[in-house]
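K.L.:
Dropping a prediction and its sequence here:
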Amino acid sequence: MKIAEMRLHPIAVADAPLRSSYGRHAPYALRTIVELRSTDGLTGIAETYGGDGPLAALEGVRSRVEGMDPFQLSRLWMQSEEDARREQADIAGGRSQTYLVPGENPLDKHTRTYGAIEVACLDLIGKALGKPLCDVVGGRARNEVAFSCYLFYKHAGGGGLGADEREDEYGEALDAVSIVAQARQMVARYGFKEIKLKGGVLDPDIEIDSIRNLRAEFGPAYPLRIDPNCAWSVDTSVHVGRSLKEELSDGGYLEDPAAGMDGMAEVRRRLLAEGNQTPLASNVAVTCFAHVPEAWRTDAVQIVLSDPHYWGGIRNLQRLSHLCDTLGMGLSMHSNNHLGVSLMTMAHAAASAPGLTYACDTHYPWQTEQDEVVAGGRIAFHQGAVRIPDKPGLGVDLDFDQLQKLKRLYEGLPFRKRDDEAEMRKHVDPNWRRILPRW
Ligand SMILES: [Mg+2]
């Protein structure tokens, strides 16, 4: 079996005006669907970041992918590493995502691109063998994968523009009370058992109240986590960690409170000195294998929030799982706006990673049926978890009518890159810019 053709489909999906320390989500999020068509008539698929950058990077490996044997992934990885080594000398700045949203980090380009091709190849292999993807990479540690209830402070609106607007299922949530209503609604609908709040948006004391209200509403059976994406100074991070010592215990964590490995390590030292064991999780200070040794040595991060998309695919997730296990670090996954192909990629990655210790994040509740690209509609959750289907590969196929619709949406958009600051300036404050630390 060889790959005969790679097809790339840039798409746009409606997105609600969610807030984070990066700013405000635009009415549409960008994604890319990858199709690899084999010489024996099978098709492997993947979903990754969208817009010009990720698309150009995929286009850049076309000559390598077309004609390749989808089983020969190690060679593709080595070529990708070679490209990265060659180019990194020309790219200024560190690899950390402190200032860059995922998908826009030039130093993730090669692992991100490799990850998408690998997943499509594994989907293809699964389809050729008639086996689910997680069984192709060594079998499963679990048959269902738990996801967390991902809460956002948000403005009114469900995403999309004009005649294409989506229903605002959850309404505005810009205080410590309405966020609990959002949680109640989402937990009732999906059955999630762990709760995450995207913070770094309101005054930290309002965010502390939000977490306390969530604890009061759901009790200690629902682990809580808060992620301000580095919006806090070390002092503020310690203040929040101290204030939420009880609420973030029992399986919860504090995610990327302060910027940089040094900042995280300082927060950890000061909390530990107070007898506060709340673990720190990160998908900002730690974004690749090269970051893990320092994160471990300085105790800056106790839980790595991985991602099969930019860590370089599902097999790298397994390697990371073993590494975290060896080092005594926890492992979970962060997420981005995504559709069913990406959600199933995360599910297969998590199913095949023995060291996964927390429910994975997902933005899935923030997209609607109208934007799903998977045939048969939205992926079902059972008590907050996604079951690994018996079908071969990822277990999902593309709905080509939907794909065409989402491609037309993309073509009609005036932007080709995520820019949450621009949305803030347009709708909230004409002078807004991302300041770290803000508090
Ligand atoms: Mg995060």
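P.N.:
That came through fine. Residues are numbered from 1 along each chain as shown.

K.L.:
Spit out the contact partners of the nearest residue to residue 266 once chain neighbours are set aside.
P.N.:
Excluding its sequence neighbours, the residue lying closest to residue 266 (Cβ to Cβ, 6 or more residues apart in numbering) is residue 234, at 4.9 Å. Glycine gets a C-beta too; all of them are placed from N, C-alpha and C. Counting by Cβ atoms under 8 Å, 6 or more residues apart in numbering, residue 234 touches 258, 263, 266, 267, 270.

K.L.:
give the contact list for the second one.
P.N.:
What that stands for is residue 263. So residue 263 contacts 230, 234, 237, 285 (Cβ under 8 Å, 6+ apart).

K.L.:
a markdown table for those residues, including secondary structure?
P.N.:
Converted to a markdown table, those look like this (DSSP: H, G, I helix; E, B strand; the rest coil):
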| residue | secondary structure |
| --- | --- |
| 230 | coil |
| 234 | helix |
| 237 | helix |
| 285 | coil |
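
K.L.:
for stretch 328-336, which positions count as buried?
P.N.:
By neighbour count on 16 or more other Cβ atoms under 10 Å, the buried set for stretch 328-336 is 329, 330, 331, 332, 333, 334, 335, 336.

K.L.:
Confirm that the fourth one sits in a strand.
P.N.:
Yes - assessed by three-state DSSP, residue 332 belongs to a strand.

K.L.:
Make 628 the first number, not 1, from now on.
P.N.:
Noted, 628 is the first residue going forward, which turns the last one into residue 959.

K.L.:
I'd assumed residue 980 was in contact with it.
P.N.:
No - Residue 959 sits out of contact with residue 980 when judged by Cβ atoms under 8 Å, with a separation of 9.9 Å.

K.L.:
just to revisit the earlier point, of the contacts of residue 861, just say which sits nearest to the ion.
P.N.:
residue 885 (12.9 Å; Cβ to the ion).

K.L.:
Setting aside sequence neighbours, what's the nearest residue to the closest one?
P.N.:
residue 864 (4.6 Å).

K.L.:
So the one you found sits against residue 886, correct?
P.N.:
No - with contact defined as Cβ under 8 Å, residue 864 does not count as touching residue 886 (9.8 Å).

K.L.:
Neighbour count for those two, which is higher?
P.N.:
The residue with more neighbours, out of residue 864 and residue 886, is residue 864; 29 against 22, by other Cβ atoms under 10 Å.

K.L.:
Report the backbone C-alpha coordinates of stretch 792-806 in PDB.
P.N.:
The C-alpha coordinates for stretch 792-806 follow below in PDB (Å, rounded to 0.1, in the frame of the first residue of the first chain):
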ATOM      1  CA  GLU A 792     -25.300  32.700  13.600                       C
ATOM      2  CA  ARG A 793     -25.500  29.700  15.900                       C
ATOM      3  CA  GLU A 794     -27.900  29.500  18.800                       C
ATOM      4  CA  ASP A 795     -26.300  30.700  22.100                       C
ATOM      5  CA  GLU A 796     -26.800  27.600  24.100                       C
ATOM      6  CA  TYR A 797     -25.100  28.800  27.300                       C
ATOM      7  CA  GLY A 798     -25.600  32.500  27.300                       C
ATOM      8  CA  GLU A 799     -23.300  35.200  28.600                       C
ATOM      9  CA  ALA A 800     -21.000  34.300  31.600                       C
ATOM     10  CA  LEU A 801     -18.900  37.100  32.900                       C
ATOM     11  CA  ASP A 802     -19.100  36.600  36.600                       C
ATOM     12  CA  ALA A 803     -18.700  34.000  39.400                       C
ATOM     13  CA  VAL A 804     -22.400  33.000  39.400                       C
ATOM     14  CA  SER A 805     -23.200  32.600  35.700                       C
ATOM     15  CA  ILE A 806     -20.200  30.300  35.300                       C
END
